[in-house]
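In: Could you look at this predicted model? Sequence included:
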Amino acid sequence: MSFAKWCFAAAAAAAFSAAPSWASGIEQLSEFLKSTQSASGSFVQENSGRNASAKKNFSGTFVFKRPGKFVWSYDKPYKQDIYSNGRQVSIWDPDLRQVTVRSIVGAMPASPAAILFGNNDFRRDFTVKELPAEDGAEWIEAVPKNKDSSFRDFRIGFRAAMPVAMVMHDSFGQTLSLKFSGWKKNPAVGPARFEFKPPRGAEILKE
């Protein structure tokens, strides 16, 4: 499974309360990182490549707490859960009763998850620029400074300083699109929520 699928990660086509007018996508990104320390919501994901007939659709929920803690859960078309406790990522496949564990070090800084779930020092790892507004959202483009990243670039659309959509392009010509809804901002969530304990008898694979 590529990092694109489990990362990331995260976020609001749902109704928002009254909010100030934001001048740019980069300002909204900065406000999102500063004011949103934890959140939960739902997502719809579409994966596509050069062959349009190969499109795949997914949906599920997420919860995160900065820095680096998240649970990304696929509900349809099949169940799969991705846990990060800030140190390692555990990918749980209940159909196979198998969990894959890998270190988060070196992976998250060059990925979209670094912006959605990381700290607010995004300019350290990405070159960010404004894009034209589209569909009522202000958009930015982020290009990883690390040339070894599996992502070529990704774009995030904001409304009222919250992400409503993300489009990612990887180095293999794949495109991953996300739409976010149902945001709950800054819920109380403890560290135990992000720890995965494999069921008895589960196969554990370490990378």
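Out: Received, thanks.
In: Buried residues, the longest helix along the chain. List them.
Out: For the chain, the longest helix by residue count, based on DSSP state H, is helix 25-35. Using 16 or more other C-beta atoms under 10 Å as the test for burial, helix 25-35 gives 25-26, 28-33. (Each C-beta comes from the backbone N, C-alpha and C, glycine too.)
In: For the residues you listed, give me TSV that also has pLDDT and distance to residue 114.
Out: Shown next, in TSV, are the buried residues of helix 25-35 (pLDDT from 0 to 100; distance: C-beta to C-beta, whole Å):
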residue	pLDDT	distance to residue 114
25	94	17
26	94	16
28	94	17
29	92	12
30	91	15
31	93	17
32	93	13
33	91	11
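In: follow-up on the earlier one: which elements pack onto the longest helix of the chain?
Out: On a contact count with 3 or more C-beta pairs under 8 Å, 6 or more residues apart in numbering; DSSP states H and E, helix 25-35 meets strand 126-134, strand 137-144, strand 151-159, strand 162-170.
In: how about those strands in a markdown table, adding mean pLDDT and mean neighbour count?
Out: Formatted as a markdown table, the helices and strands packed on helix 25-35 follow (pLDDT from 0 to 100; neighbours: other C-beta atoms under 10 Å):
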| stretch | mean pLDDT | mean neighbour count |
| --- | --- | --- |
| strand 126-134 | 94 | 14 |
| strand 137-144 | 94 | 20 |
| strand 151-159 | 93 | 21 |
| strand 162-170 | 94 | 22 |
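In: can you put these in TSV and add distance to residue 38?
Out: Below are these laid out as TSV (distance: least, C-beta to C-beta, whole Å):
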stretch	distance to residue 38
strand 126-134	22
strand 137-144	22
strand 151-159	18
strand 162-170	13
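In: thinking again about what came up before, need the residues that contact the longest helix of the chain.
Out: With contacts defined as C-beta atoms under 8 Å, 6 or more residues apart in numbering, helix 25-35 is touched by 22, 115, 119-120, 122, 128, 130-131, 138-140, 156-163, 185.
In: Now with 10 Å, please.
Out: With contacts defined as C-beta atoms under 10 Å, 6 or more residues apart in numbering, helix 25-35 is touched by 11, 19-20, 22, 24, 39, 66, 115-116, 118-123, 128-133, 137-142, 155-163, 185-186.
In: Nearest spatial neighbour of residue 42, chain-adjacent residues omitted?
Out: Once flanking residues are discounted, residue 42 sits nearest to residue 182: 4.4 Å by C-beta to C-beta, 6 or more residues apart in numbering.
In: Just grab the bridge partners of the residue nearest to residue 134 when sequence neighbours are not counted for me.
Out: Leaving aside its sequence neighbours, residue 134 sits nearest to residue 157 (C-beta to C-beta, 6+ apart; 7.0 Å). Beta bridges link residue 157 to residue 139, residue 165, judged by DSSP bridges.
In: ok, now which ones touch residue 37?
Out: Residue 37 makes contact with 64-67, 185-187, 189 under the criterion C-beta under 10 Å, 6+ apart.
In: circling back: wait, what's in contact with the residue nearest to residue 134?
Out: Taking C-beta under 10 Å, 6+ apart, we find residue 157 in contact with 25, 28, 131, 133-140, 163-167, 179-180.
In: switch the cut-off to 7 Å
Out: 134, 137-139, 163-165 (C-beta atoms under 7 Å, 6 or more residues apart in numbering).
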